[in-house]
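1. Build me a model from this:
(2 chains)
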Amino acid sequence: MTLSPDDDFAAAEFALGTLEPAERATFAARRLREPELDAAIRAWEARLSPLAEATPPIAPPGDFLPAIEARIRAAAAPPAAKDVAALQTRLARWRAAAIGATGIAAALAIGFAAREATRAGAPKEFVAILQKSADSPAFVASVNLDSRELTVRPLAAPPQAGKSYELWIIEPKLGPPRSLGVIDAAAVTRGARLAAYDRATVEDATYAVTVEPEGGSPNGKPSGPPVFVGKLVPVEP
Amino acid sequence: MSSADETPKASEAAAASDDLALLLGRVAARDAAAFAALYRATHAVLYGVVARILTRGDASGEALQEAYVRIWEKAGEFDPAKGSPLGWMATIARNRALDEVRRVRPTSLEEMPEGFEPAAETVDPLAARARSERLVALLACLGHLDADKREAVLLAYYRGFSRDALARRFGAPTATIKTWLRRSLMQLRECLES
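-> Numbers count the residues shown, from 1 in each chain, chains lettered A, B, ... in the order given. The predicted structure follows:
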């Protein structure tokens, strides 16, 4: 076992379920690439699983078996070509349109659908909705994984008098959060700000926005907790 | 442990477990009838797992459905050397429920609504009908933890309490809860492996 003590603890807490949401999401992504971490989590799940087995039963409201069988059949059917075409049309329309809040929900849904339809391909366009909660998206970040270009559009980010919003990339293997620079609350911010990071890091990281003194954090560290966060989802093959 | 007390229940649990393992094997071979039988035999336990964590009926039903789709997909990965079939399935259901309550959204810093106090339900795994040997061993090790720390682990496991929710419950800082949990888990592992 060569896991660091921190990863060892965190694997245990992952299985127990007490990691914070961003930590949990990061760990869920890391275990896909780190077999040792995955094995540690599985070992903890197995250790604790007798408790799950001993859970007093509750009868669910209704019979879910037919719905489950329908989902299994749907998952087994390959996506129809016309569905993929319709998806691409919707994607093009979405990119052309100014993005409103409803567009965000659609973009997210399309992102997930596209990922399902093209799991084997290697998507390069990704978006992250940076938000406080599901109904209050503040920024939408889009990333081209080939060029590492980052574009951040403000949606409903309240202006902060005398303060700036700053974007951070958070990935455990990078150590502390790293700044991606100040982002504008009233205009599109664009640049190859992710050039220093490899593809897997960019894809798996959590993106967070903090409120900083005007011009950005004076010491390269976030001054406070994130006000908006999000993770990337692919929007096209 | 006294074999006179444990044997009947342990053998009952083992027999039920063998049946489920056979069903899972047939599910792995894409047997729809076996899947229906597996659902009938286990859905109330799995619903018990997700409903205690999610509390909302619609979310619980959704998590239950996702869990069974996953069980269908992953049945071939079940390894009897690493645990019981029901424990494996219940863990899948539990992970679906946890993914839902721990989705990345800062609102989950407060996923327990203000003023929400969880019902003072005492989690009592001892009430389970049949106890597998693994459960007996785990309960013995849990018994070595201080009462508060044991309750914290059980609330996290059965009710999906976050560190923040546990901090409110026990009137302790979140950092203290994190230390409790980590120490308790390491102590459990040592005990289980001794």
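2. Which residue is the nearest non-sequential neighbour of B:Ser84?
-> In space, and not counting its chain neighbours, B:Ser84 is closest to B:Ser17: 4.8 Å by C-beta to C-beta, 6 or more residues apart in numbering or on different chains. Glycine gets a C-beta too; all of them are placed from N, C-alpha and C.
3. Run a quick neighbour tally on the one you found.
-> By the measure other C-beta atoms under 10 Å in any protein chain shown, the count of residues near B:Ser17 is 19.
4. what's the answer for B:Arg182, then?
-> 19.
5. B:Met186 too?
-> The burial count for B:Met186: 14, using other C-beta under 10 Å.
6. who's in contact with it?
-> Counting by C-beta atoms under 8 Å, 6 or more residues apart in numbering or on different chains, B:Met186 touches A:9, A:12.
7. where's it, which helix or strand?
-> Assigned by DSSP states H and E, B:Met186 falls within helix B:174-193.
8. Quick check: buried residues in that helix?
-> By neighbour count with 16 or more other C-beta atoms under 10 Å in any protein chain shown, helix B:174-193 contains the buried residues B:177-178, B:180-182, B:184-185, B:187-189, B:191.
9. Now do the helix or strand encompassing the residue nearest to B:Ser84, average pLDDT.
-> According to DSSP H and E, B:Ser17 maps onto helix B:3-28. Across helix B:3-28, pLDDT averages out at 71.
10. helices or strands next to whatever helix or strand comes next after that helix in the packing?
-> Sequence order places helix B:32-54 as the next helix or strand after helix B:3-28, per DSSP H and E. Helices and strands touching helix B:32-54, as assessed by 3 or more C-beta pairs under 8 Å, 6 or more residues apart in numbering or on different chains; DSSP states H and E, comprise helix A:65-76, helix B:3-28, helix B:57-74, helix B:85-101, helix B:147-159.
11. Point out the most buried one among these.
-> By mean neighbour count, with neighbours taken as mean count of other C-beta atoms under 10 Å in any protein chain shown, helix B:85-101 ranks first of these at a mean of 24.
12. Can you give the distance of the following helix or strand past it from its chain's centre?
-> Per DSSP H and E, the first helix or strand lying C-terminal to helix B:85-101 is helix B:133-142. Distance of helix B:133-142 from its chain centroid, counting by C-alpha atoms, centre = their mean, to the nearest Å, is 14 Å.
13. which parts of helix B:133-142 are buried?
-> Across helix B:133-142, burial judged by 16+ other C-beta under 10 Å covers B:134-139, B:141-142.
14. from the residues you listed, which are also near chain A?
-> Counting by C-beta under 8 Å from any C-beta of the partner chain, B:134-135, B:137-138 from the buried residues of helix B:133-142 sit close to chain A.
15. okay if I get those residues as CSV plus pLDDT?
-> As requested, these are exported to CSV (pLDDT from 0 to 100):
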residue, pLDDT
B:Arg134, 85
B:Leu135, 85
B:Ala137, 89
B:Leu138, 91
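16. Check these and tell me the two furthest apart.
-> Taking C-beta to C-beta as the measure, these span a maximum distance of 7.3 Å, between B:Leu135 and B:Ala137.
17. between these two, what contacts are shared?
-> In contact with both B:Leu135 and B:Ala137: A:Pro50, using C-beta under 8 Å, 6+ apart.
18. Please identify which helix or strand holds the residue nearest to B:Arg189 when sequence neighbours are not counted.
-> Distance criterion C-beta to C-beta, 6+ apart; nearest residue to B:Arg189, sequence neighbours excluded, is A:Arg47 at 6.8 Å. Element membership of A:Arg47 [criterion: DSSP H and E] is helix A:35-53.
19. all helices for chain A, in order.
-> With DSSP state H, the ranges of helices along chain A come out as A:5-16, A:21-33, A:35-53, A:65-76, A:81-96, A:101-117, A:199-204.
20. hmm, the shortest one in reach of chain B?
-> Read it as helix A:199-204. No: Helix A:199-204 lies out of reach of chain B by C-beta under 8 Å from any C-beta, never closer than 12.3 Å.
21. Flag every buried residue along that helix.
-> A:202-204.
22. hmm, who's touching it?
-> By C-beta under 8 Å, 6+ apart, helix A:199-204 touches A:26, A:29-30, A:33, A:126, A:143, A:145, A:148, A:169, A:171, A:173-174, A:194, A:232.
23. any idea how the chain splits into domains?
-> Just so you know, I chose chain A. A:1-77, A:81-234 (automatic domain parsing).
24. that's the wrong chain, I wanted chain B
-> B:1-101, B:111-194.
25. and the longest one, how far out from the chain's middle?
-> Relative to the mean C-alpha coordinate of its chain, domain B:1-101 is positioned 10 Å out (C-alpha atoms, centre = their mean).
26. Same check on stretch B:153-164?
-> With C-alpha atoms, centre = their mean, you get 11 Å for stretch B:153-164.
27. Output the below-cut-off pLDDT ranges for chain B.
-> Applying pLDDT under 70 to chain B flags residues B:1-15, B:104-131.
28. can you do 80?
-> Chain B contains residues with pLDDT under 80 at B:1-18, B:55-57, B:103-132.
29. try chain A
-> In chain A, residues with pLDDT under 80: A:1-2, A:75-125, A:131-137, A:155-156, A:172-173, A:175, A:224-225, A:233-237.
30. Could you count how many residues lie near the closest residue to A:Pro158 other than its chain neighbours?
-> The shortest distance from A:Pro158 to any residue other than its chain neighbours is 7.5 Å, reached at A:Ala185 (C-beta to C-beta, 6+ apart). By the criterion of other C-beta under 10 Å, A:Ala185 has 20 neighbours.
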